[in-house]
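In: have a look at this prediction, sequence included:
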Amino acid sequence: MKKLFFLVIACIGFAVTTTNAQGIKFGIKGGLNFANFNELKNSDLDIDTDSRTGYHIGAVLQLGLTESFAIQPEVLYSAQGTDDLDVDYLNIPVLAKFKFAKFLSIEAGPQFGFVVNDDIDKAFDEIVDSAEAESFDLSGAIGAGVEFGPFFGQLRYNFGLTDVVDGFDGRNTAFQVSVGYYIF
């Protein structure tokens with residue numbers, strides 16, 4: 001996991017050094033998460049879960065490589081999980097961003113999540129002897145955005161590629177609505 005984190009940092013550093021100063025934007029963003037698990041079951045149990053409305057907040061760095069293409073790493077605190085199973089992450093999406101029509105964009109890429117808070121043990125105490133949240137979550141992200149001067153808005157769908165709870169089949173899903181402001 002540390003190697004993956006350092007690889008992401010190295011890629012961001014390379015992109016920063018190969019981008020001229022005019023192509024760099026830094027900002028803050030926040031918004032709502034509509035999160036759930038795509039399913040949550042193991043061979044003995046099938047657990048019903050209701051979606052969780054949470055939030056995300058963090059920083060955005062847009063590295064313009066051409067007029068129509070940028071790399072956009074972000075660092076976000078994100079409240080995800082379900083109504084009964086809260087799992088909060090420090091998410092690091094690294095997105096390829098394609099811009100068109102001067103203010104529209106589409107984006108896609110991987111998202112690396114690190115658990116910072118969870119209540120999995122409490123929720124599973126009555127069901128199984130022990131259950132632990134996986135400490136790392138790999139997701140894919142796809143979305144669209146608009147920019148008007150320093151202001152921007154984004155819609156994004158994140159889909160988990162790894163299980164959330166050890167021993168259970170179940171991956172994160174989250175629909176995100178964000179607004180933000182580029183400081184420079």
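Out: Received the coordinates, thanks.

In: what about the closest residue to residue 79 other than its chain neighbours, which helix or strand?
Out: Counting by Cβ to Cβ, 6 or more residues apart in numbering, residue 54 is the residue found nearest to residue 79 once chain neighbours are left out, at 3.1 Å. In short, each C-beta sits where N, CA and C put it, glycine included. With elements taken from DSSP states H and E, the one containing residue 54 is strand 52-64.

In: so the helix or strand following that strand versus strand 52-64, what angle?
Out: Moving toward the C-terminus from strand 52-64, the next helix or strand (DSSP H and E) is strand 69-81. Strand 69-81 and strand 52-64 meet at an angle of 160 degrees, taking axes from the mean of the first three to the mean of the last three Cα atoms, to 10 degrees as the criterion.

In: helices or strands up against the helix or strand just after strand 69-81?
Out: Next in sequence after strand 69-81, counting helices and strands by DSSP H and E, comes strand 86-100. Contacts defined by 3 or more Cβ pairs under 8 Å, 6 or more residues apart in numbering; DSSP states H and E place strand 86-100 against helix 2-18, strand 52-64, strand 69-81, strand 104-118, strand 136-148.

In: which positions in strand 86-100 come out as buried?
Out: For strand 86-100, a neighbour-count test (16 or more other Cβ atoms under 10 Å) marks 86, 87, 88, 89, 91, 92, 93, 94, 95, 97, 99 as buried.

In: now that strand against strand 136-148, angle please.
Out: 40 degrees.

In: in its sheet, what does strand 86-100 sit against?
Out: If you go by DSSP bridges, strand 86-100 pairs up with strand 69-81 (antiparallel), strand 104-118 (antiparallel).

In: any weak-confidence spans in the chain?
Out: Scanning the chain for pLDDT under 70 picks out 1-22, 40-49, 121-130.

In: switch the cut-off to 50
Out: Across the chain, the ranges flagged by pLDDT under 50 are 15-16, 18-21, 43.

In: which ones are touching the closest residue in space to residue 93 that isn't next to it in sequence?
Out: Counting by Cβ to Cβ, 6+ apart, residue 93 lies nearest to residue 111, which is 4.1 Å off, once chain neighbours are set aside. Residue 111 makes contact with 91, 92, 93, 94, 137, 138, 139, 140, 141, 158 under the criterion Cβ atoms under 8 Å, 6 or more residues apart in numbering.

In: please apply the same query to residue 134.
Out: 115, 162, 163, 164, 165, 166.

In: dump the residues you listed to a markdown table, plus secondary structure and distance to residue 37.
Out: Formatted as a markdown table, the contacts of residue 134 follow (DSSP: H, G, I helix; E, B strand; the rest coil; distance: Cβ to Cβ, whole Å):
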| residue | secondary structure | distance to residue 37 |
| --- | --- | --- |
| 115 | strand | 14 |
| 162 | strand | 12 |
| 163 | strand | 9 |
| 164 | coil | 6 |
| 165 | strand | 8 |
| 166 | coil | 14 |
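
In: sounds good, over and out.
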